[in-house]
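In: Quick check, what structure comes out for this input:
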Amino acid sequence: GSQILNGLSAEEHRSVLQMIKRAILATDLTVYMRRKEFFSLSKKRKVNWKSEKQRDLLSMLMTASDLSAITKPWHEQQRIANLVSMEFFAQGDKEKEEFKIKPVGIMNRENSTRLPYMQVEYIDDICYPLYKAVSTLFDSCFPLMLGCKKNRENWLLLVKEAE
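Out: Numbering: from 1, shown residues only. Got it, this is the predicted structure:
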């Protein structure tokens, strides 16, 4: 992998590594939540990927990749959501036992029956807005938005069944 970077000047090498670092850090959803500029620019279709100021917005594509399980066919999406929730609940159990703190909602096993509701909330608050913005900029991302929307409908059916 590092052989690809060999032909770059020291400055280009530093720039590429910085871009990679930003992209990786962008998978942290707290970083994602501060990306109002991206949503605003995508609505206007005015993202300039070459602009130094806007280059950081490339990291939104990394986030779209990171969250893409929400766009997969229903049975795969449901399987992945269950695996992720088991991991979160295990983390919450550990926090409760070792640190004697009440885990946040998505990590609290007491909320396990609320998984469909939490998934709809997750789609509404984070996933759908992101895929809508990305598909505005790239037609090829439109199927991701449709998959996300379809999975929301399926989770919503489960919410209604539980009521």
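
In: Would you point out the helix or strand in the protein whose mean pLDDT is lowest?
Out: Taking mean pLDDT, DSSP states H and E as the measure, the chain has helix 29-32 as its least confident helix or strand, at a mean of 58.

In: Quick one: list the elements packing against the helix or strand that it is followed by.
Out: As assigned by DSSP states H and E, the chain's next helix or strand after helix 29-32 is helix 36-43. Helix 36-43 sits against helix 128-137, with contacts defined as 3 or more C-beta pairs under 8 Å, 6 or more residues apart in numbering; DSSP states H and E. C-beta here means a position set from N, CA and C on the backbone, and glycine is covered the same way.

In: contacting residues around the helix it packs on?
Out: 32, 38-39, 42-43, 45, 47, 60-61, 63-64, 67, 71, 141-142, 144-145, 148-149, 152 (C-beta atoms under 8 Å, 6 or more residues apart in numbering).

In: and if we set it to 6 Å?
Out: 39, 42, 64, 141, 142, 144, 145, 148 (C-beta atoms under 6 Å, 6 or more residues apart in numbering).

In: Got a PyMOL select line for the buried ones in those?
Out: Burial among the contacts of helix 128-137 is assessed by 16 or more other C-beta atoms under 10 Å; the matching PyMOL selection reads:
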select buried, resi 42+64+141+144+145+148
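
In: Residue 85: which of the contacts of helix 128-137 is nearest?
Out: Closest approach to residue 85 among the contacts of helix 128-137 (C-beta to C-beta): residue 148, at 17.7 Å.

In: pretty sure the closest one is touching residue 71, no?
Out: Yes: Residue 148 is in contact with residue 71 according to C-beta atoms under 6 Å; the separation is 5.0 Å.

In: residue ranges with poor pLDDT in the protein?
Out: For the chain, applying pLDDT under 70 flags the ranges 1-5, 13, 19, 22-35, 46-58.

In: buried set for the longest helix anywhere in it?
Out: Counting residues, the longest helix in the chain under DSSP state H turns out to be helix 74-98. By 16+ other C-beta under 10 Å, the buried positions in helix 74-98 come out as 77, 78, 81, 85, 88, 89, 92, 95, 96.

In: Also stretch 148-163?
Out: 148, 151, 152, 155, 159.

In: Name the surrounding residues that touch it.
Out: Stretch 148-163 is contacted by residues 70, 71, 74, 77, 116, 117, 119, 120, 123, 127, 128, 131 when judged by C-beta under 6 Å, 6+ apart.

In: how near is the fourth one to residue 140?
Out: Read that as residue 77. Going from residue 77 to residue 140 by C-beta to C-beta, to the nearest Å gives 20 Å.
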